[in-house]
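A.B. asks: Pasting the sequence and the predicted coordinates here, then a few questions.
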Amino acid sequence: MKILLVCAGGMSTSMLMKKMEKYWSERGMTLTIQAVGLSEYKDMYQEFEIIMVGPQVSYRLQEIKENTQLPTAAIPSFDYAIGNCENILSLAEKLYQEK
C-alpha cells in the first residue's frame, strides 16, 4: 500500500509516519508512506494509491480529492493525536478498497 499523508506543513505527519511504519513492519505488512505539507502534495500524489490528511487540514479534503482523483480521507482527530495505528490502518484499508 502506498500512502501519502498530508498535513499543514508535514511535521506532525512525519511523526505519525514513523509510528505507522513501525506498526506495519511489526505485522509483516509492506507499506510505502510519505508525509508532506499542503503545498507539496500536488507534485507527488501520482506515486501513491491513497491519501490521508491530518485533521488540521481536513477542511481541504474535497479539494484534495478533486485534484488527485485518489481515495482520500481525513484521519480522525483522536486517532491522529495519539497515533492509533490500528484505527488508521483500518481506515487505510477501507480507502485502498475504493481504488
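C.D. replies: Sure thing, it's come through.
A.B. asks: low pLDDT regions in this structure?
C.D. replies: Low-confidence regions of the chain, defined by pLDDT under 70, span residues 10.
A.B. asks: Quick check: longest helix in it by residues?
C.D. replies: Under DSSP state H, the helix in the chain containing the largest number of residues is helix 11-26.
A.B. asks: Need phi/psi at Met52.
C.D. replies: For Met52, the backbone dihedrals are phi -120, psi 130 (criterion: degrees, to the nearest 10).
A.B. asks: related to what we said a few turns ago, show me what counts as buried in the longest helix of the chain.
C.D. replies: 12-13, 16-17, 20, 23-24 (16 or more other Cβ atoms under 10 Å). The way it works is simple: take the backbone N, C-alpha and C, and place the C-beta from them, glycine included.
A.B. asks: so what does the helix or strand harbouring Phe78 touch, helix or strand wise?
C.D. replies: With elements taken from DSSP states H and E, the one containing Phe78 is helix 77-82. Judged by 3 or more Cβ pairs under 8 Å, 6 or more residues apart in numbering; DSSP states H and E, the packing partners of helix 77-82 are helix 85-98.
A.B. asks: From the rest of the structure, what touches the helix it packs on?
C.D. replies: Under the criterion Cβ atoms under 8 Å, 6 or more residues apart in numbering, residues 1, 3, 16, 19-20, 23-24, 49-50, 52, 71-73, 75-76, 79-80 lie in contact with helix 85-98.
A.B. asks: same question, stretch 16-30
C.D. replies: Contacting residues not belonging to stretch 16-30 are listed as 1, 3, 5, 31, 33-35, 54, 75, 80, 83, 85-86, 88-89 [Cβ under 8 Å, 6+ apart].
A.B. asks: Just the endpoints, please. Distance across stretch 54-64?
C.D. replies: Using Cα to Cα, to the nearest Å, the end-to-end distance of stretch 54-64 comes out at 12 Å.
A.B. asks: which parts of it are buried?
C.D. replies: By neighbour count, and taking 16+ other Cβ under 10 Å as the criterion, the buried residues in stretch 54-64 are 54-58, 60, 64.
A.B. asks: and if you look at stretch 68-76?
C.D. replies: Within stretch 68-76, the residues that qualify as buried are 68, 70-75, counting by 16+ other Cβ under 10 Å.
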